[in-house]
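S.K.: what follows is a protein structure lacking sequence information:
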């Protein structure tokens with residue numbers, strides 16, 4: 001009996017010590033009050049397990065990126081050129097200032113952007129982009145599967161490595177968890193390098209397991225690149241469209257914006273491998289840019305000061321005068337984003353939200369239902385995509401700004417994941433994104449999840465714990 005009392009006392013002391021350490025970490029990390037309260041509730045409602053879960057999954061910002069070489073740090077001193085500013089709508093200019101004031105990439109002119117509207121078109125351009133690499137090929141993706149489509153893409157990468165191209169592939173440790181390390185052996189044997197971002201079975205407290213790299217890009221020779229929301233798997237890519245293929249959105253870019261994509265890749269590569277870059281990426285001179293697209297790169301996540309993507313979204317929502325069109329597969333916003341959408345509706349702004357009728361994450365659908373219903377009741381239009389999974393992440397605000405990339409409108413993308421959005425300020429590119437949205441919206445149904453007592457309980461429960469993650 002004495003031993004039980006002794007060890008029980010020490011267990012309680014240890015628990016409350018860990019709780020205090022966790023609380024200090026939360027306060028230093030400037031978590032939202034809702035998230036802090038949710039975690040504190042978990043500590044006391046599920047003792048021991050709650051505080052262990054926090055140390056495993058509760059981290060936000062990281063500090064190891066502060067040791068990056070100067071060549072990879074955001075160029076806070078560089079500003080958008082007067083020529084680019086002259087091309088911006090006044091409200092677009094205020095958005096670019098928001099991004100630049102965090103030391104993130106400036107607006108670039110002279111780019112060429114080709115939107116890829118479905119998985120078959122993206123597959124064709126992705127293969128062509130990989131095959132075109134002559135000096136370097138960098139691939140960053142959340143999921144690199146081992147299905148036939150991913151195997152074909154891997155084999156094209158292998159051939160470039162065999163041809164002497166410097167190949168680097170960076171995958172996320174959770175997103176690509178089902179793909180064995182041996183799948184990438186042909187790349188390594190051909191002379192390429194493969195690295196894993198935050199492996200799942202690394203030391204558990206070395207890095208929080210919930211900080212995932214959700215960015216997607218392919219950069220060929222530092223001159224042309226792909227960016228968007230597509231992973232490398234048969235769910236969203238393929239040589240032809242097949243029933244059930246996910247709808248997504250990506251683009252191939254050429255011009256000065258590629259140098260900014262290169263910096264993001266090299267930053268992520270350095271944070272995982274510690275390998276300094278061979279040479280800093282050389283900005284593409286604006287005068288030599290091949291097109292007319294005015295673009296800005298918007299990276300966000302633990303390696304970026306504050307929640308820039310979140311602030312960018314809020315700013316865009318509040319400045320909207322005519323319409324807000326958003327496509328997202330997972331809609332679990334925080335209260336501020338939801339309130340901004342509701343206020344926009346009540347100001348007379350047309351708000352359309354395009355989501356899958358049923359996503360691949362049922363819990364996300366449950367969490368989203370109450371937000372969707374609230375927005376619909378205020379006057380917003382909820383468009384449910386009925387033909388499988390709609391995985392694209394994009395938005396258009398008036399004729400001022402359009403964007404697409406990897407970030408969902410949910411808590412993870414807003415506050416946790418490493419994300420990457422491509423922001424377009426040029427009228428033609430905004431119109432292209434709007435046209436893609438219109439075409440998809442025409443196939444959608446105005447449907448909402450049904451009401452029931454138990455569904456309301458489930459929605460409330462999931463919504464309450466959503467700040468945890």
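M.R.: Done, it's in. In this text the structure is predicted, and so the values were computed from the model without any measurement. Numbers count the residues shown, from 1 in each chain.

S.K.: helices of the stretch 351-469 of the chain, start to end?
M.R.: Secondary structure of the stretch 351-469 of the chain (DSSP state H, counting those that start in this stretch): helices located at 362-378, 411-415, 427-441, 453-465.

S.K.: quick one: pLDDT of residue 6?
M.R.: Listed pLDDT for residue 6 reads 52.

S.K.: pick the most buried one from the helices of the stretch 351-469 of the chain.
M.R.: Most buried of these, by mean neighbour count (mean count of other CB atoms under 10 Å): helix 411-415, with a mean of 22. C-betas here are computed from N, CA, C, even on glycine.

S.K.: ok so, going back, lowest-confidence stretch among the helices of the stretch 351-469 of the chain?
M.R.: Lowest mean pLDDT within the helices of the stretch 351-469 of the chain: helix 453-465, at a mean of 61.

S.K.: so which of the helices of the stretch 351-469 of the chain is nearest residue 246?
M.R.: Nearest to residue 246 among those is helix 427-441 (12.2 Å), distances taken as CB to CB.

S.K.: what is the closest one packed up against?
M.R.: Helix 427-441 sits against strand 108-116, strand 293-300, strand 323-327, strand 350-356, strand 394-397, strand 401-405, with contacts defined as 3 or more CB pairs under 8 Å, 6 or more residues apart in numbering; DSSP states H and E.

S.K.: before we move on, the earlier item: distance to residue 307 for the helices of the stretch 351-469 of the chain - can I get that in TSV?
M.R.: Putting these into TSV (distance: least, CB to CB, whole Å) gives the following:
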stretch	distance to residue 307
helix 362-378	19
helix 411-415	6
helix 427-441	23
helix 453-465	20
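
S.K.: among those helices, which is nearest residue 274?
M.R.: Of all the helices of the stretch 351-469 of the chain, the one in closest proximity to residue 274, counting by CB to CB, is helix 411-415 (26.5 Å).

S.K.: what distance separates that closest one from the middle of the whole chain?
M.R.: The chain centre lies 8 Å from the centre of helix 411-415; the measure is CA atoms, centre = their mean, to the nearest Å.

S.K.: what's the answer for stretch 366-381, then?
M.R.: Relative to the centre of its chain, stretch 366-381 is centred 23 Å away, using CA atoms, centre = their mean.

S.K.: could you do stretch 221-231 as well?
M.R.: On CA atoms, centre = their mean, the centre of stretch 221-231 falls 14 Å from the chain's centre.

S.K.: re earlier: quick one: closest of the helices of the stretch 351-469 of the chain to residue 269.
M.R.: It is, among those and with distance given as CB to CB, helix 411-415, at 21.6 Å.

S.K.: now do the phi/psi pair for residue 248.
M.R.: The phi/psi pair for residue 248 (degrees, to the nearest 10) reads phi -140, psi 180.

S.K.: just give me the neighbour total for it.
M.R.: By the other CB atoms under 10 Å criterion, the neighbourhood of residue 248 contains 27 residues.

S.K.: tell me who's in contact with it.
M.R.: If you count contacts by CB atoms under 8 Å, 6 or more residues apart in numbering, residue 248 has them with 118-119, 122, 228-230, 236, 391-392.
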